[in-house]
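J.: only geometry, no sequence info:
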């Protein structure tokens, strides 16, 4: 038995009633921000499956604003279960003496959590039309939890909408990358802010992919790691954000339902009327927040202990969120830049051939011979090579065309990189107005074409060029 399993077995023996033996622990493929394990144990002579959620690399993390920690997450799940929210039972919360880092062990539940499967699996065909309403009902229950009586107010911070925009924007600025569409969206959010809200418990990541479904409805609400106290409309806007529709942009609620069904479910439990414009504001914020969150994954790859191939791949998904911001705020026609003719090169082998050979090795040899997390990461790695190939083919022409457009806004001979930074800083300090001539056209062009490199199959990209 490995040292990891020995420590895990000691925790289970201490906290799990009837525990006899650890049979196996396996890290699962999902969970870019936290580790998830499936645990097989013998309890009272019978096989029993459990789940463990753990900080990356087995860290012990000091709670910080926006990240209350896994012990707080366990408390929230227990509290939500008592309020009638479907949740797995939490059996054990790890402490530093366990030697496993931060985390907790909980009941294993069966159901569908993969977002793409939720929107397409035939087994959910009968229940799918009711899911948006059911999500609204569950969110109303979450938002009704008493903050002080439950102890939630002791572990979570109050984050107002204006603070949330500013915190997200400031976090992005720490990455020292010029992404003008993020700054444009931050300006728009502050200019169109409604300060009115009744502070509630906000799950803050309630979306398709973090809710477990089966043929009877909602099995469990998962991943409370970024919960806070704030505007409850954040949760309604987030589940409508296009990133979590998994290709079904015609069904705004998680790719499986309508706004009205979500609102009707929420109103039926809460007794409160929904303002669709507030939800739309939070939908825009959702794409803004996840655009920054994706960049955070790339930053974590550079500086964090868990350097998986998944993190930089998610970093490139920032362009998906930015194209969603384009579609929500500055829709319009856009010129697409095509790939150059790489076959004119006399290199043998050409760079794209080297990349393609590794990609095919991963997709054919590695994926055919592996399963579980290794198989998943091989797919992620092969997709990253696709991005690298498209970037080599498209980026030079895109840079030249973008240079012409941004130069039209500045009387300068600076490089494209310098002009992007000038635009970024001007949006931040408000010396460049959102209605500056040429700004929207440049942003739309540069963001949509970057998405063509990073994620040409993404529904938001298809919407932008339709």
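T.: Cool, the structure landed. This structure is a prediction, so every number in the text was calculated from the model and none was measured. Numbers count the residues shown, from 1 in each chain.

J.: buried residues in stretch 45-62?
T.: For stretch 45-62, a neighbour-count test (16 or more other Cβ atoms under 10 Å) marks 48, 50-56, 58 as buried. Yep, even glycine has a C-beta here, placed from its N, CA and C like the rest.

J.: Tell me the one of those residues nearest residue 386?
T.: Among the buried residues of stretch 45-62, residue 56 lies closest to residue 386 (Cβ to Cβ), at 25.7 Å.

J.: Now the closest one: closest residue in space that isn't a chain neighbour?
T.: Leaving aside its chain neighbours, residue 56 sits nearest to residue 306 (3.7 Å; criterion: Cβ to Cβ, 6 or more residues apart in numbering).

J.: Wait, a helix at residue 340?
T.: No - counting by DSSP: H, G, I helix; E, B strand; the rest coil, residue 340 is not part of a helix but coil.

J.: how about the nearest residue to residue 222 once chain neighbours are set aside, what does it touch?
T.: Leaving aside its sequence neighbours, residue 222 sits nearest to residue 210 (Cβ to Cβ, 6+ apart; 4.9 Å). If you count contacts by Cβ atoms under 8 Å, 6 or more residues apart in numbering, residue 210 has them with 113, 221-223.

J.: quick one on the thing from earlier: any chance of the backbone angles for the residue nearest to residue 56?
T.: phi -110, psi 80 (degrees, to the nearest 10).

J.: That one contacts residue 297, doesn't it?
T.: No - Residue 306 lies out of contact with residue 297 (Cβ atoms under 8 Å); the separation is 10.3 Å.

J.: ok, the residue nearest to residue 222 to residue 125 distance?
T.: Using Cβ to Cβ, to the nearest Å, one gets 22 Å for the distance from residue 210 to residue 125.

J.: Could you look up the SS state of the residue of the chain positioned farthest from its centre?
T.: Taking Cα atoms, centre = their mean, the residue of the chain most remote from its mean C-alpha position is residue 346, at 41.9 Å. Secondary structure state of residue 346, per three-state DSSP, is coil.

J.: what residues are up against it?
T.: Counting by Cβ under 8 Å, 6+ apart, residue 346 has no contacts.

J.: quick thing: my sequence starts at 18, can you match it?
T.: Will do, 18 is the new start, and the previous item becomes residue 363.

J.: Now do it, the pLDDT please.
T.: pLDDT recorded at residue 363 is 75.

J.: And for residue 473?
T.: Reported pLDDT for residue 473: 95.

J.: Give me the pLDDT value at the closest residue to it other than its chain neighbours.
T.: The shortest distance from residue 473 to any non-neighbouring residue, by Cβ to Cβ, 6+ apart, is to residue 407 (7.4 Å). Note for residue 407: predicted pLDDT of 95.

J.: can you tell me the helix or strand for residue 407?
T.: In the assignment (DSSP states H and E), residue 407 maps to helix 389-424.

J.: Check which helices and strands the helix or strand hosting residue 464 sits against.
T.: Using DSSP H and E, residue 464 sits within helix 456-471. Under the contact definition 3 or more Cβ pairs under 8 Å, 6 or more residues apart in numbering; DSSP states H and E, helix 456-471 sits against helix 197-208, helix 335-346, helix 389-424, helix 476-482.

J.: 10 Å instead?
T.: Where contact means 3 or more Cβ pairs under 10 Å, 6 or more residues apart in numbering; DSSP states H and E, helix 456-471 is packed against helix 197-208, helix 335-346, helix 389-424, helix 433-446, helix 476-482.

J.: of all those helices, which lies closest to residue 257?
T.: Among the helices and strands packed on helix 456-471, helix 335-346 comes nearest to residue 257, with 10.9 Å by Cβ to Cβ.

J.: Setting aside sequence neighbours, what's the nearest residue to residue 402?
T.: With sequence-adjacent residues excluded and distances taken as Cβ to Cβ, 6+ apart, residue 402 is closest to residue 376, at 4.0 Å.

J.: I meant residue 186, not that one.
T.: residue 203 (4.4 Å).

J.: before we move on, what about residue 31?
T.: residue 109 (7.4 Å).

J.: again with residue 97
T.: Using Cβ to Cβ, 6+ apart, the nearest residue to residue 97 is residue 104, at 5.2 Å.

J.: Equivalent analysis for residue 459, please.
T.: With Cβ to Cβ, 6+ apart, the residue lying closest to residue 459 is residue 422, at 4.4 Å.

J.: got it, and residue 425?
T.: residue 455 (5.2 Å).

J.: Can you check the pLDDT for the one you found?
T.: 94.

J.: Roughly how far does residue 146 sit from residue 439?
T.: Residue 146 is 50 Å from residue 439, by Cβ to Cβ.

J.: okay, the two: which has more neighbours?
T.: residue 439 (19 against 14; other Cβ atoms under 10 Å).

J.: who are the neighbours in contact with that one?
T.: With contacts defined as Cβ atoms under 10 Å, 6 or more residues apart in numbering, residue 439 is in contact with 195, 197, 423, 426-427, 429, 431, 448-449.

J.: ok so, going back, from what I can see, the residue nearest to residue 97 looks like it's in a helix, true?
T.: No - according to three-state DSSP, residue 104 belongs to no helix; its state is coil.
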